[in-house]
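Student: what would the 3D arrangement of this be:
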Amino acid sequence: FLFSTVAIGVIDGDQLVFRNVASRDMPVAYSNPISCGICGRVVRSGVGELVVDVRSDPDYVLVTEDVEREVCVPIIVDGAVWGVLNIEATAEVPLSSEEFDVMRTLASSLGLAIERSRQQRAEAHRLDQLAHLQRIAGRIAGRVDLDGAGEDILDEIRRVFEYATLGLGIMRDGNVDAYFAYASLLDGAPPYRSAPISGIVGRVLRTGEPIFARDVRDEPDYRNVHPDTTQEICVPVRAGGSVIGVLNAEVTRVRRLDDSDLDILLTLADHLGTAISNHLRIAELEWRNQQLRLVDRVTSLIAGQITILDALPLVLAEIEGAFGYGTSGIGLIDGDRLVFAAMRDSNDDSIQEYFQVHGVSIDTGVTGRVARTGQPAFIQDVSSSPDYLPTRSTVEHEICVPIQSDGRTIGVLNVETPASKPLVHADLEILSTIANHLGMAFARSEAYEAERRSRTAIEAIQRVSAIVSSTLDPDEALQRIVETLAAAFDYPFVAINLIDGVRLDPAAWRGLSAACRMKPSRRRSASVTGSPAVSRRPAPASLS
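Tutor: Have a look, this model is predicted:
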């Protein structure tokens, strides 16, 4: 057409940038604000113009001296002005309504071509995303057992889909534990950050509905964690039908989110929820197996010891080896005190020795409360418990469970841990199970001891009967009887007193001091032994 200049300008922010220019006199590329010039006017109005005398147009921006006529038509893409097709000509080249119509047709064709190109790129991008999504979903499903891959799944999702940040948050005890790597969650590693449930994340956790904040400035629940964030999508992660966490993505001005991102994150959240649910079930089964193995070892230890007291240190060693609590103890009630028959403390041997020797009053402390009430105590923050005795500054968590035998509390099993080793309800469950087994072991031990004493008593009676029937000397018979009773029942003192009128005289004895034997005989009504002599009934009496 012999035009002086043919240029395509593209909107970029508040500028109209001409990167594609065919001109005899102008630079290869240039730009001008949308707020000025004939091209700017067309961009603002969306209506093409034919200017037959640019010198008479107040908006004309002088670029070359010989230009007299100009045609500028908008390029429409997806219903919006994308840019302009601009024609300039000298006085010798005609520019009329015919050329204007041709340029409008060309601009329309350009707009349609750009739309098709965008659609093709979008389709190719969608297919590429689906391929990435399928591969990542396969990796998620295969990471229940960790394979030690260097790049973790969350970071791969962030990179592939060009999110500025991507976070997986798991809800625990009123907080959201955020993980920088999916492997960290499955591997049991602590979260890199824990925060109260609030903001967009909190709303998703409470409602179970996804949130697409297309402009975070318009979202009242947005928490300004990253100052450059412009958009955010937060979707729930479910396991077993319950919301257990969120998958959260944020972008800056470099990237725009759309509904396809919402679909992607919902799909990934479903896969993550399924994988986490499977992992939790496997972890629970492994925990149950560990519990059963520990209980089996504890019962074997108890059965393999001569007395239950010999087994208690070995039981604590097994518990420490399995769970690594750091501090544990088994206390038995002795009168008004709780004396620790076994104790393990990795930090302070002196405290361990004190509690094993002196114990603690059952009127004080968490252990005393459990011993008095027979109810377990699960304390997640000992500083908030009025009963806690602050013996160690590092302790933050404590579980104390009663040991019961035949319906009565005979002692406690107690563990304490620092903040780095939080206790959970599963710990309470396994410790209660072990305490129950200890209680049954004590009951069996008491029954065995009662049976042993019963057999001893029968054997002692038989030996006494034999002595009576085979010994002619009364003094010898009486002495043999007291020797037999002292040996059979491990009594430190045994004596047979004979009535002499109104007095009692020792006729045979074991463990009676010489001074006592030299004392004059006592009136039978004025002594502990005299009471049965008078009443002819047994009278057990305390030395106090």
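
Student: low pLDDT regions in the stretch 251-400 of the chain?
Tutor: Within the stretch 251-400 of the chain, the ranges that satisfy pLDDT under 70 run 305-306, 346-354, 356.

Student: helices of that one, start to end?
Tutor: With helices called from DSSP state H, counting those that start in this stretch, the stretch 251-400 of the chain shows them at 259-304, 308-323, 349-357, 365-373.

Student: likewise the chain?
Tutor: All helices of the chain, identified by DSSP state H, fall at 37-45, 97-141, 153-160, 182-187, 199-207, 259-304, 308-323, 349-357, 365-373, 425-470, 474-489, 514-518, 530-535.

Student: ok, which of those comes nearest Trp82?
Tutor: Of all the helices of the chain, helix 97-141 sits nearest to Trp82, with 6.4 Å by C-beta to C-beta. Where C-beta positions appear, they are placed from N, C-alpha and C, glycine not excepted.

Student: ok, back up a step: same list (the helices of the stretch 251-400 of the chain) but as JSON lines, adding distance to Ala342.
Tutor: Output for those, formatted as JSON lines (distance: least, C-beta to C-beta, whole Å):
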{"stretch": "helix 259-304", "distance to Ala342": "12"}
{"stretch": "helix 308-323", "distance to Ala342": "4"}
{"stretch": "helix 349-357", "distance to Ala342": "8"}
{"stretch": "helix 365-373", "distance to Ala342": "14"}
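
Student: and of the ones you listed, who's closest to Asp475?
Tutor: So among the helices of the stretch 251-400 of the chain, helix 308-323 is nearest, using C-beta to C-beta, at 41.6 Å.

Student: the closest one - contacts with which helices or strands?
Tutor: With contacts taken as 3 or more C-beta pairs under 8 Å, 6 or more residues apart in numbering; DSSP states H and E, helix 308-323 sits against helix 259-304, strand 327-334, strand 337-345, helix 425-470.

Student: quick check: angle from the third one to strand 327-334?
Tutor: Strand 337-345 and strand 327-334 are oriented at 160 degrees to each other (axes from the mean of the first three to the mean of the last three C-alpha atoms, to 10 degrees).

Student: related to what we said a few turns ago, winner for burial among the helices and strands packed on helix 308-323?
Tutor: Stretch with highest mean neighbour count among the helices and strands packed on helix 308-323: strand 327-334 (a mean of 22; mean count of other C-beta atoms under 10 Å).

Student: off-centre distance for it?
Tutor: 29 Å (C-alpha atoms, centre = their mean, to the nearest Å).

Student: could you dump it to PDB, C-alpha only?
Tutor: Taking Å, rounded to 0.1, in the frame of the first residue of the first chain, the C-alpha atoms of strand 327-334 are listed here in PDB:
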ATOM      1  CA  THR A 327      12.100 -40.100  82.800                       C
ATOM      2  CA  SER A 328       9.900 -42.900  84.100                       C
ATOM      3  CA  GLY A 329       9.100 -44.500  87.400                       C
ATOM      4  CA  ILE A 330       7.000 -47.100  89.200                       C
ATOM      5  CA  GLY A 331       5.900 -46.100  92.700                       C
ATOM      6  CA  LEU A 332       4.300 -48.300  95.300                       C
ATOM      7  CA  ILE A 333       2.100 -47.100  98.100                       C
ATOM      8  CA  ASP A 334       3.700 -47.700 101.500                       C
END
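
Student: what are the pairing partners of that strand, and which direction each?
Tutor: strand 337-345 (antiparallel), strand 408-418 (antiparallel) (DSSP bridges).

Student: circling back: what would the helices and strands packed on helix 308-323 look like in TSV with distance to Asn20?
Tutor: What follows is the helices and strands packed on helix 308-323, written out as TSV (distance: least, C-beta to C-beta, whole Å):
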stretch	distance to Asn20
helix 259-304	30
strand 327-334	76
strand 337-345	79
helix 425-470	68
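
Student: so which bits of stretch 15-24 are buried?
Tutor: Buried positions in stretch 15-24, judged by neighbour count with 16 or more other C-beta atoms under 10 Å: 16-18, 21, 23.

Student: my guess is His84 contacts Leu16, does it?
Tutor: Residue 84: Val, not His. Yes. The pair Val84 / Leu16 is scored as a contact, 6.9 Å apart, by C-beta atoms under 8 Å.

Student: need the residues touching each of those two.
Tutor: Listed as contacting both Val84 and Leu16 by C-beta atoms under 8 Å, 6 or more residues apart in numbering are 9, 39, 43.

Student: most neighbours, which of these?
Tutor: Neighbour counts for the shared contacts of Val84 and Leu16 peak at Gly9, which has 28 neighbours (criterion: other C-beta atoms under 10 Å).

Student: contacting residues for that residue?
Tutor: Listed by C-beta under 8 Å, 6+ apart, the contact set of Gly9 reads 16-18, 31, 39, 43, 83-84, 86.

Student: now, those that are in strands?
Tutor: If you go by DSSP state E, those have 16-18, 31, 83-84, 86 in strands.

Student: which one in these is the model shakiest on?
Tutor: Least confident entry in these, by pLDDT: Ser31, with 85.

Student: share the number of residues neighbouring that one, please.
Tutor: Neighbour tally, Ser31, other C-beta under 10 Å: 13.

Student: quick one, which of the helices and strands packed on helix 308-323 is nearest to Asp387?
Tutor: That would be, of the helices and strands packed on helix 308-323 and by C-beta to C-beta, strand 337-345, which comes in at 13.0 Å.

Student: tell me how far the closest one lies from the chain's centre.
Tutor: With C-alpha atoms, centre = their mean, you get 30 Å for strand 337-345.

Student: also stretch 390-402?
Tutor: When distances are taken as C-alpha atoms, centre = their mean, stretch 390-402 is centred 20 Å away from the chain's centroid.

Student: stretch 201-209 too?
Tutor: Centroid displacement of stretch 201-209 relative to its chain, using C-alpha atoms, centre = their mean, is 19 Å.

Student: can you list contacts of it?
Tutor: Residues from elsewhere that reach stretch 201-209 (C-beta under 8 Å, 6+ apart): 169, 171, 176, 196-197, 210-211, 221, 234-236, 238, 243, 245-246, 248.

Student: cutoff 7 Å now
Tutor: Residues from elsewhere that reach stretch 201-209 (C-beta atoms under 7 Å, 6 or more residues apart in numbering): 169, 171, 176, 197, 210-211, 221, 234-236, 243, 246, 248.

Student: helix or strand with the lowest mean pLDDT in the chain?
Tutor: Sorting the helices and strands of the chain by mean pLDDT, DSSP states H and E puts helix 514-518 at the bottom, at a mean of 51.

Student: if we can go back for a sec, nearest to Ser531, of the contacts of stretch 201-209?
Tutor: Taking C-beta to C-beta as the measure, Ser531 lies nearest Met171 of the contacts of stretch 201-209, at 71.9 Å.

Student: bridged to the closest one, which residues?
Tutor: Here Met171, judged by DSSP bridges, has bridge partners Val176.

Student: again, but for Asn414
Tutor: Under DSSP bridges, the beta-bridge partners of Asn414 are Gly329, Cys400.

Student: wait, isn't it in contact with Gly365?
Tutor: No. Under the criterion of C-beta atoms under 7 Å, Asn414 is not in contact with Gly365, lying 9.3 Å apart.
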